[in-house]
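Asks: Next input, structure requested:
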Amino acid sequence: MPKAKSRFKKKPLPRVGPRSAKGYKSVKYPKPKHAQAKNKKRPRPENAAQNAAGLAMDPSKAVPGFDIPKKNKPVQQRDHRPAQKSRDADAERRPSRRARKDAGPSTFTVAIVGRPNVGKSTLFNRLVGRREALVHDRPGVTRDRRVSEGGLAGLRFTVIDTAGYEDAHADTLEGRMRRQTEKAVADSDVALMLVDARAGITPLDSHFADLLRKSRTPIVLVANKCEGKGQDSALYDAFRLGLGEPIPISAEHGQGLDGLYHALRPFAPPGSLDIKDEDDDPPPSEENMPDAPVRPLQLAIIGRPNTGKSTLINRLIGEDRMLTGPEPGVTRDSIPVDWTYTAPNGTTREIRLVDTAGVRKRAKVIDAVEKLSVGETFEAVKMAEVVVLVVDAEAVLDNQELTLARHVIEEGRALVIAVNKWDAIKEKRRALETLEERLRDSMSQVKNIPTVTISGLTGLRIDALMEAVFKVHDTWNTHLPTGPLNRWLAAAVGAHPPPLSTHKQRIKLRYMTQVKTRPPTFVIFSTRAGDLPDAYMRYLVNGIRDNFGLDGVPIRIHLRKPENPYEDEK
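Replies: Residues are numbered from 1 along each chain as shown. The predicted structure follows:
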């Protein structure tokens with residue numbers, strides 16, 4: 001059957017050149033006249049000054065295409081940024097959200113006070129900009145006063161979170177907490193008294209307001225938890241405290257902070273508000289680049305409950321900064337304290353001390369608040385550089401303290417063991433022998449851990465403890481040259497060659513180098529790296545520690561297979 005013809009005619013493809021064996025050749029068509037005129041070279045003056053001079057003498061000598069801008073009408077560039085309002089009346093308006101958070105150092109101090117469970121720690125975290133203080137529905141979670149840098153819409157200040165005020169005897173734990181709150185109010189420039197707008201004004205609020213009116217510190221009344229409706233009665237009831245008009249806010253949801261800003265603005269020194277947009281900053285260069293600040297040494301104090309950690313910190317800084325007592329588990333938060341240590345020879349060193357909560361066995365940690373405290377302690381260990389493990393001299397290094405020491409080593413931090421309450425020990429030689437035996441048997445992965453016997457109550461050998469901290473910190477930052485490392489590696493392999501691999505082949509350790517410090521970390525290029533046993537890795541770690549003096553710090557070694565140059569050709 002003949003094939004039906006299509007009614008649509010196929011048009012042949014246009015040829016762009018003569019046919020050849022490889023196909024059609026391309027033909028260069030001439031450019032159109034308007035393109036030739038556009039690309040035609042024009043006579044250019046050497047500079048714009050010659051053009052301006054020629055135009056002034058004879059307008060016909062001006063070169064076309066070079067317009068001289070008039071002096072009365074300067075050329076303006078389009079700015080696509082939104083128009084900004086005037087900043088002259090910065091005290092009458094709230095600054096924009098683009099105001100830089102690092103507007104400058106803090107200029108005044110704000111203390112947050114009130115009875116328990118009114119939202120003081122929540123407001124503290126809101127002003128600081130991160131979650132530092134523990135927050136829980138249970139009243140009385142905060143015990144120590146916490147100090148940090150905070151800000152509000154470009155206004156920089158120091159914030160102090162305090163414990164809830166309770167009317168108790170001075171010798172009790174609540175009485176000691178109240179003294180810490182009174183100290184915070186005395187040291188601050190303004191105090192924010194928080195009341196709960198949901199619960200209304202309680203007799204404890206009235207009693208606390210009477211005490212605050214007697215102090216010289218200005219008081220600003222703040223009504224928290226005003227995110228819903230129905231708190232108007234509590235706001236009107238707050239006037240009877242005699243502290244002025246309450247400021248309704250919601251610290252959890254960030255509502256009403258503009259009113260708090262206007263209340264704190266009069267207490268700032270003149271010119272302290274520095275609102276600066278990011279687009280106004282000059283580009284970084286070597287001239288305007290600020291010098292990097294000297295970072296203080298991060299020192300964390302950890303241990304079991306009631307081993308004297310807070311007492312040791314109070315002895316170091318020379319004041320009753322931390323809450324102490326005979327009750328176990330007094331400290332709940334991880335409280336940082338900036339401190340300048342002065343050595344006996346007169347040298348100074350900036351240190352950031354962190355007091356942590358005591359850590360019990362995991363099976364005994366059932367309470368929700370205690371779980372939060374333990375999590376804060378482990379976070380402090382992770383952020384520290386040197387960790388001081390405080391142990392009780394009467395029960396030296398039990399299983400829980402050995403677990404804490406292993407955790408510090410696994411995190412890669414330098415470790416110092418402080419045997420506290422040494423003045424109460426009668427058989428000192430026996431206690432030291434027990435300590436050395438426990439370290440030798442249970443901490444074999446890190447040899448020669450610095451151990452110092454101290455007394456936080458009397459200040460016995462405090463300087464020796466700080467010398468051990470500085471020495472192990474320097475060791476933790478040690479960087480070894482590559483040449484001595486490879487010479488040592490060749491000697492170590494020659495003395496004890498690595499065993500054969502699983503396929504009965506030799507394992508060759510070719511090259512070694514240190515890739516980082518804090519802690520010292522090394523990389524060894526080896527064939528069949530996965531077949532090297534752990535016993536030989538421990539032999540290498542102990543050899544590095546003994547030959548290069550890396551005592552008391554963790555050492556990490558990674559094995560890497562060398563690259564095969566012919567692998568891509570397969």
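Asks: all contacts plus neighbour counts: C-alpha atoms, from now on.
Replies: Fine.
Asks: I'd like the average pLDDT over the strand or helix carrying L299.
Replies: For L299, the host element (DSSP states H and E) is strand 297-303. The average pLDDT within strand 297-303 is 95.
Asks: Residue ranges in the stretch 51-200 of the chain under the pLDDT threshold?
Replies: 51-106 (pLDDT under 70).
Asks: tell me the centre residue of the chain?
Replies: The structure's the chain has its C-alpha centroid closest to M383; by C-alpha atoms, centre = their mean the separation is 7.8 Å.
Asks: for that one, what are its contacts?
Replies: Q298 (C-alpha atoms under 8 Å, 6 or more residues apart in numbering).
Asks: Please read off the pLDDT at it from the model.
Replies: So, for M383, pLDDT stands at 94.
Asks: Just give the nearest non-adjacent residue to K120, would you?
Replies: Closest residue to K120 apart from its sequence neighbours, by C-alpha to C-alpha, 6 or more residues apart in numbering: I112 at 6.2 Å.
Asks: For that neighbour, name its beta-bridge partners.
Replies: With DSSP bridges as the criterion, I112 is bridged to D161, L192.
Asks: Distance from stretch 451-465 to the middle of the chain?
Replies: Centroid displacement of stretch 451-465 relative to its chain, using C-alpha atoms, centre = their mean, to the nearest Å, is 30 Å.
Asks: List the contacts of that stretch.
Replies: For stretch 451-465, the external contacting residues (C-alpha under 8 Å, 6+ apart) are 308, 311-313, 315-316, 343-344, 416-423, 468.
Asks: would you put the C-alpha positions of the host helix or strand of I409 in PDB?
Replies: Using DSSP H and E, I409 sits within helix 399-410. Provided in PDB are the C-alpha atoms of helix 399-410 (Å, rounded to 0.1, in the frame of the first residue of the first chain):
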ATOM      1  CA  ASN A 399      34.200   5.800  91.600                       C
ATOM      2  CA  GLN A 400      32.100   8.900  90.800                       C
ATOM      3  CA  GLU A 401      35.200  11.100  90.900                       C
ATOM      4  CA  LEU A 402      37.000   8.700  88.600                       C
ATOM      5  CA  THR A 403      34.100   8.900  86.200                       C
ATOM      6  CA  LEU A 404      34.300  12.700  86.200                       C
ATOM      7  CA  ALA A 405      38.000  12.600  85.600                       C
ATOM      8  CA  ARG A 406      37.500  10.300  82.600                       C
ATOM      9  CA  HIS A 407      34.900  12.600  81.200                       C
ATOM     10  CA  VAL A 408      37.300  15.500  81.400                       C
ATOM     11  CA  ILE A 409      40.000  13.600  79.600                       C
ATOM     12  CA  GLU A 410      37.500  12.400  76.900                       C
END
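Asks: Report the mean confidence score over it.
Replies: Helix 399-410 comes out at a mean pLDDT of 92.
Asks: what does that helix contact?
Replies: 303-304, 360-361, 381, 387, 389, 391, 414-415, 442-443, 446, 553-554.
Asks: After that helix, which helix or strand is next?
Replies: strand 414-420.
Asks: That next one: what's the following helix or strand?
Replies: Counting by DSSP H and E, what follows strand 414-420 is helix 428-442.
Asks: before we move on, back to that, gap between the residue nearest to K120 and V354?
Replies: I112 sits at a distance of 21 Å from V354 (criterion: C-alpha to C-alpha, to the nearest Å).
Asks: Against which helices or strands is the helix or strand where R487 lies packed?
Replies: Here R487 sits within helix 482-495, counting by DSSP H and E. Using 3 or more C-alpha pairs under 8 Å, 6 or more residues apart in numbering; DSSP states H and E, the elements in contact with helix 482-495 are strand 509-516.
Asks: quick revisit: can you state the direction angle for the helix holding I409 and helix 428-442?
Replies: 60 degrees (axes from the mean of the first three to the mean of the last three C-alpha atoms, to 10 degrees).
Asks: Would you mind listing the buried residues in helix 399-410?
Replies: E401, L402, L404, A405, R406, V408, I409 (16 or more other C-alpha atoms under 10 Å).
Asks: Kindly report the same for stretch 167-187.
Replies: Buried residues in stretch 167-187, counting neighbours by 16+ other C-alpha under 10 Å, are found at L173, E174, G175, R176, M177, R178, Q180, T181, E182, A184, V185.
Asks: what's the offset of that stretch from the middle of its chain?
Replies: For stretch 167-187, the distance to the chain centre is 31 Å (C-alpha atoms, centre = their mean).
Asks: Just the C-alphas of it, formatted as PDB.
Replies: Listed next in PDB are the C-alpha coordinates belonging to stretch 167-187 (Å, rounded to 0.1, in the frame of the first residue of the first chain):
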ATOM      1  CA  ASP A 167      11.700  36.000 105.100                       C
ATOM      2  CA  ALA A 168      13.800  33.500 107.000                       C
ATOM      3  CA  HIS A 169      16.300  33.400 109.800                       C
ATOM      4  CA  ALA A 170      19.800  34.600 109.000                       C
ATOM      5  CA  ASP A 171      21.500  31.300 109.700                       C
ATOM      6  CA  THR A 172      19.400  29.300 107.300                       C
ATOM      7  CA  LEU A 173      20.000  28.800 103.600                       C
ATOM      8  CA  GLU A 174      17.200  31.200 102.700                       C
ATOM      9  CA  GLY A 175      18.800  33.800 105.000                       C
ATOM     10  CA  ARG A 176      22.200  33.500 103.300                       C
ATOM     11  CA  MET A 177      20.400  33.800  99.900                       C
ATOM     12  CA  ARG A 178      18.800  37.000 101.200                       C
ATOM     13  CA  ARG A 179      22.200  38.500 102.100                       C
ATOM     14  CA  GLN A 180      23.300  37.800  98.500                       C
ATOM     15  CA  THR A 181      20.300  39.600  97.200                       C
ATOM     16  CA  GLU A 182      20.900  42.600  99.500                       C
ATOM     17  CA  LYS A 183      24.500  42.800  98.300                       C
ATOM     18  CA  ALA A 184      23.400  42.800  94.700                       C
ATOM     19  CA  VAL A 185      20.900  45.700  95.400                       C
ATOM     20  CA  ALA A 186      23.700  47.700  97.100                       C
ATOM     21  CA  ASP A 187      26.100  47.200  94.200                       C
END
